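1. Generate a structure from the sequence data that follows.
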Amino acid sequence: MPMDDWRMKLAKALKTVKDGTGELYQTTKINVDLGREQDNLKKIYYDIGKKVHEIYQYGGSLGKFFDEKYLEIKEVEEKIEALQKKMEELKKVRVCIHCGKEVESKAKFCPKCGSPMDDTVKEEKNTKETIKEEENRSPQLDIKVCPNCKAENQKDDKFCLSCGRTLV
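-> Sure, this is the predicted structure:
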C-alpha cells in the first residue's frame with residue numbers, strides 16, 4: 001500500500017506541473033515576442049538617428065526615408081501594444097500608463113502613483129452595506145484598509161486601488 005500511495009502523490013504532482021506548464025509556456029512565448037518587437041523598435045530608432053545625423057552632417061534634407069521609417073515604427077508599436085494586452089489578459093493585470101506598474105485588473109487607481117486606471121475618473125458609490133461588509137472582514141497582516149472607502153489594498157500600496165486616496 002505505501003508504494004501505491006507514493007505513486008498517487010507522484011501522479012498528482014506531475015498533473016499539477018503539467019497544468020501550470022501551459023500558462024508558463026504562453027507567458028514565456030509572449031515575453032519573447034514582446035522583447036523581439038521592442039528590439040525591432042530600437043533598431044528602427046537607431047536607423048533613423050543615424051540617417052538624421054548623416055543628413056544634417058552633409059547639409060541634406062529629409063524625405064521618403066522618414067516616411068517609410070515612420071510607418072515601420074507605427075507597425076511595431078501596434079505589435080507591442082497587442083502583445084502587452086495579451087500579457088495583461090494572461091496575468092489578469094493592467095499596466096499603469098503613468099508609471100508602468102502592473103496593477104490588478106479591477107483596480108480603479110494605481111497603488112504606486114495614484115493615477116486613475118481609466119481615461120475618465122468615475123465617482124465611487126459606496127453603499128452602507130458595502131462599507132459594513134468591509135468593516136466586518138477580519139484584519140489581515142498583508143493588507144491596508146483605506147480610511148476613506150474601506151477597500152483592502154496590499155501593504156506596500158501608497159494609494160487606494162478603489163478611490164485613489166493616499167494610504168497611511
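2. I figured G60 hits E54, correct?
-> Yes: G60 lies in contact with E54 (C-beta atoms under 8 Å); the separation is 7.5 Å. To be clear about C-beta, it is placed using only N, CA and C from the backbone, and glycine gets the same treatment.
3. what ranges do the helices span in this structure?
-> 2-57, 64-91, 128-136 (DSSP state H).
4. right, so of those helices, which gets closest to L161?
-> helix 128-136 (12.8 Å; C-beta to C-beta).
5. pLDDT of that closest one, averaged?
-> The average pLDDT within helix 128-136 is 47.
6. cool, and stretch 55-68?
-> Computed over stretch 55-68, the average pLDDT equals 76.
7. What's the end-to-end length of it?
-> 16 Å (C-alpha to C-alpha, to the nearest Å).
8. about what we covered before: any idea which of the helices of the chain is most buried?
-> Highest mean neighbour count of the helices of the chain: helix 64-91, a mean of 14 (counted as mean count of other C-beta atoms under 10 Å).
9. Remind me what that one packs against, helices and strands.
-> Applying 3 or more C-beta pairs under 8 Å, 6 or more residues apart in numbering; DSSP states H and E, we find helix 64-91 packed against helix 2-57, strand 93-95.
10. wait, which of those is closest to D157?
-> strand 93-95 (14.0 Å).
11. Identify the residues contacting the closest one?
-> Q84, E88, K101, E102, V103, E104, S105, A107, M117 (C-beta atoms under 8 Å, 6 or more residues apart in numbering).
12. Report pLDDT for H98.
-> 81.
13. for N40, same thing?
-> 92.
14. Tally up the residues packed near S162, please.
-> S162 has 20 neighbouring residues, counting by other C-beta atoms under 10 Å.
15. Now do the contacts for the closest residue to I80 other than its chain neighbours.
-> Spatially, and ignoring its direct neighbours in sequence, I80 is nearest to E37 (4.9 Å; C-beta to C-beta, 6 or more residues apart in numbering). Contact analysis of E37 by C-beta under 8 Å, 6+ apart lists V76, K79, I80, L83.
16. cool, I48 as well?
-> F66, K69.
17. And the protein, what are its domain boundaries?
-> As given by automatic domain parsing, the domain ranges for the chain are 2-91, 110-168.
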